[in-house]
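[1] have a look at this prediction, sequence included:
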Amino acid sequence: MAEQREMKAKTPWHSGKVICVAVFFIAALITLVAIAFVQNKPIPQKYKYGIVLDAGSSHTAVYIYEWPAEKENNTGMVRQRHTCAVKGKGISSYAQKSSGAGQSLMECIEDAKGNIPADKHEETPVYLGATAGMRLLRMQDSESAEEVMTSVKATLMSSPFDYQGARIISGQEEGAFGWITVNYLGKNFRKAAGTMGALDLGGASTQITFVSGQSVESPDNSMDFRLYGNDYQLYTHSFLCYGKDQVLKLALEKRLMPVETSLEDPCFHPGYSEKKSVKNVFDTPCVHTINKEDMDKSFTHNGTGNFTECQSSIMKVFNFSQCTNSRCSFNGVYQPPIEGTFGAFSAFYFVMNFLNLTGHSLADSKRGLEVYCNTPWDAIKERHPTVKHKYLAEYCFSGTYILTLLENGYNFTFENWKHISFIDKIEDSNAGWTLGYMLNLTNMIPAEAPDTPLMPHGGFVTLVLFLTIFLLILLLLWYKFLGLPSCSSPKEVV
Ligand SMILES: O=c1[nH]cnc2c1ncn2[C@@H]1O[C@H](COP(=O)(O)OP(=O)(O)O)[C@@H](O)[C@H]1O
Ligand SMILES: [Ca+2]
């Protein structure tokens with residue numbers, strides 16, 4: 001008997017205590033693995049949506065953004081879900097028939113309804129911001145501008161979305177929100193590397209915005225932001241009338257005074273010849289007024305295709321002679337020295353991308369344009385049969401204007417030209433003022449950095465699992481070498 005009892009003690013696998021520990025061990029392990037698995041499984045995300053309409057001078061674009069509801073204050077979480085290009089011209093072109101402005105948006109509003117889950121329509125904010133085309137119309141005819149805005153407001157208010165306003169934004173806002181967009185998408189706000197300047201070229205205005213180490217001399221050009229715990233003093237300026245469509249009018253005006261029946265233009269290809277009405281050049285507050293008689297005339301616009309002469313003609317639209325500050329870009333506008341890297345978007349990108357000049361030095365870009373501008377118009381048309389006629393005819397002018405604006409206007413040099421990136425999108429979202437505008441109005445960029453957990457949730461669960469398994473193994477080893485703490489009742493132990 002004594003021998004038998006000894007045998008039993010030496011074969012612990014048969015003991016009730018061991019079975020008890022094994023059951024607990026396996027149960028604990030299964031529970032832990034199950035918890036880790038369930039916790040790490042991505043839970044279905046709840047999304048929020050926002051709509052911004054960019055009512056530009058040439059056309060209106062609708063942007064739909066989306067972001068995970070619980071992560072709205074983290075940088076880089078909002079992404080562009082969908083865009084819709086409104087058919088026809090910009091809303092300012094409806095000055096004479098304002099109801100058409102609101103009507104023109106209907107198709108894209110319908111499209112937005114299909115792109116946002118129906119149960120979210122009511123809570124989705126919709127904003128409209130109009131830029132330089134409407135600023136010019138307001139200067140020219142404030143009543144018509146008011147009517148156009150009333151018409152677009154009515155359309156948005158009748159949509160199922162949460163109408164949050166339709167207004168003409170200021171040039172400073174346009175510049176600053178473009179800067180916020182590119183830096184938000186580039187996740188630069190929480191990086192030590194610093195931010196990127198923003199260059200936006202539209203049809204009626206152009207904006208330059210960057211963080212300057214020097215204090216900004218003129219209050220009009222200064223904007224302060226506190227974002228994610230950092231202070232930023234921005235230099236920003238919007239040049240009304242210096243978008244590429246208005247500058248073309250400024251340049252033509254200089255060559256058309258006095259009004260003649262034909263005009264030789266080095267910024268258009270040799271062989272280009274088109275009859276245009278004088279009114280098309282002088283229909284804007286950006287140029288001088290001329291008498292009604294001349295307004296009704298027409299002229300033949302002939303290209304001669306010469307980059308150097310085109311550049312000299314474009315130089316005449318800038319005024320470099322007066323500056324009451326320590327330094328200026330042009331037209332007496334204060335600008336601190338260019339600093340850091342820049343993202344150049346909108347028409348800066350469209351034009352430089354078409355010309356294949358996005359990755360070139362300034363010297364190479366000039367050489368490229370010399371050849372391009374001098375190419376006969378027939379050859380250009382043959383090479384690009386599908387490109388919109390107006391864009392194609394104007395790329396030599398637009399490219400030359402971009403180089404001149406950046407080098408002579410803003411004072412970029414052969415050296416820092418490489419710090420300019422011509423960009424369309426960052427991570428599938430367009431660079432432009434709309435995203436920054438929405439982030440600001442929805443308070444999605446906190447002034448202070450939100451507290452972040454030491455490690456992501458999934459990592460935390462996995463770590464707990466591994467530590468527990470490790471402890472269990474220790475327990476097993478302890479049992480193997482030192483014996484088993486009893487599972488049975490205290491009475492039996494005694
Ligand atoms: O594919 C393209 N090639 C060349 N230019 C383009 C293209 N797409 C748009 N643009 C131009 O980009 C500019 C966009 O300006 P926008 O309409 O935003 O005016 P704004 O910002 O001055 O109010 C216009 O001059 C338009 O003609
Ligand atoms: Ca624009």
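    Ah, there it is. Because the structure is predicted, anything quoted here is derived from the model rather than measured. Ligands and ions are numbered 1, 2, ... in the order given.

[2] residues near residue 477, how many?
    For residue 477, the neighbour count with other C-beta atoms under 10 Å is 10. Glycine gets a C-beta too; all of them are placed from N, C-alpha and C.

[3] so how far is the helix or strand hosting it from its chain's centroid?
    Element membership of residue 477 [criterion: DSSP states H and E] is helix 457-482. Here the centre of helix 457-482 is set off from its chain's centre by 48 Å, with C-alpha atoms, centre = their mean, to the nearest Å.

[4] please apply the same query to stretch 216-236.
    Taking mean C-alpha positions (C-alpha atoms, centre = their mean), stretch 216-236 and its chain are 19 Å apart.

[5] so which bits of that stretch are buried?
    When neighbours are counted by 16 or more other C-beta atoms under 10 Å, the buried residues of stretch 216-236 are found to be 216-217, 221-223, 225, 227-228, 232, 234-236.

[6] residue 82: helix or strand, and which one exactly?
    When elements are assigned from DSSP H and E, residue 82 belongs to strand 79-85.

[7] please see if that strand touches ligand 2.
    No: using C-beta under 5 Å from the ion, we find that strand 79-85 stays clear of ligand 2, coming within 13.0 Å at best.

[8] give me the contact status of that strand with ligand 1.
    No: contact between strand 79-85 and ligand 1 is absent, the nearest approach being 9.5 Å (criterion: C-beta under 6 Å from any ligand atom).

[9] parallel or antiparallel, which strands does that strand pair with?
    Applying DSSP bridges, strand 79-85 is found paired with strand 60-68 (antiparallel).

[10] then the strand it pairs with to CSV, C-alphas only?
    Extracted in CSV, the C-alpha atoms of strand 60-68 (Å, rounded to 0.1, in the frame of the first residue of the first chain):
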residue,chain,number,x,y,z
THR,A,60,-17.2,75.3,-59.6
ALA,A,61,-16.0,72.0,-58.1
VAL,A,62,-17.8,70.1,-55.4
TYR,A,63,-15.6,68.2,-52.9
ILE,A,64,-16.9,65.5,-50.6
TYR,A,65,-14.7,64.7,-47.6
GLU,A,66,-15.0,61.8,-45.2
TRP,A,67,-13.3,60.9,-41.9
PRO,A,68,-13.7,58.3,-39.1
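
[11] list the buried residues in it.
    For strand 60-68, burial by neighbour count (16+ other C-beta under 10 Å) applies to 60-67.

[12] ok, now which ones touch the closest residue to ligand 1 within the chain?
    Minimum separation of the chain from ligand 1 (C-beta to the nearest ligand atom) falls at residue 202, amounting to 2.2 Å. By C-beta atoms under 8 Å, 6 or more residues apart in numbering, residue 202 lies in contact with 56-58, 131-132, 243-244, 346-347.

[13] ok, now residue 438?
    By C-beta under 8 Å, 6+ apart, the residues touching residue 438 are 50, 52, 65, 78, 125, 127, 444.

[14] change it to 10 Å
    50-52, 63, 65, 78, 125-127, 129, 164, 177, 180-181, 444 (C-beta atoms under 10 Å, 6 or more residues apart in numbering).

[15] among those residues, which are in helices?
    Counted as lying in helices by DSSP state H, out of the contacts of residue 438, are 177, 180-181.

[16] nearest to ligand 2, of the contacts of residue 438?
    For the contacts of residue 438, the closest approach to ligand 2 (C-beta to the ion) belongs to residue 129, at 9.6 Å.

[17] show me what the helix holding residue 477 is packed up against.
    helix 16-40 (3 or more C-beta pairs under 10 Å, 6 or more residues apart in numbering; DSSP states H and E).

[18] how many other residues sit next to residue 54?
    Counted by other C-beta under 10 Å, the residues lying close to residue 54 total 26.

[19] typed the wrong thing, it's residue 239
    The criterion is other C-beta under 10 Å. On that basis, residue 239 has 23 neighbouring residues.
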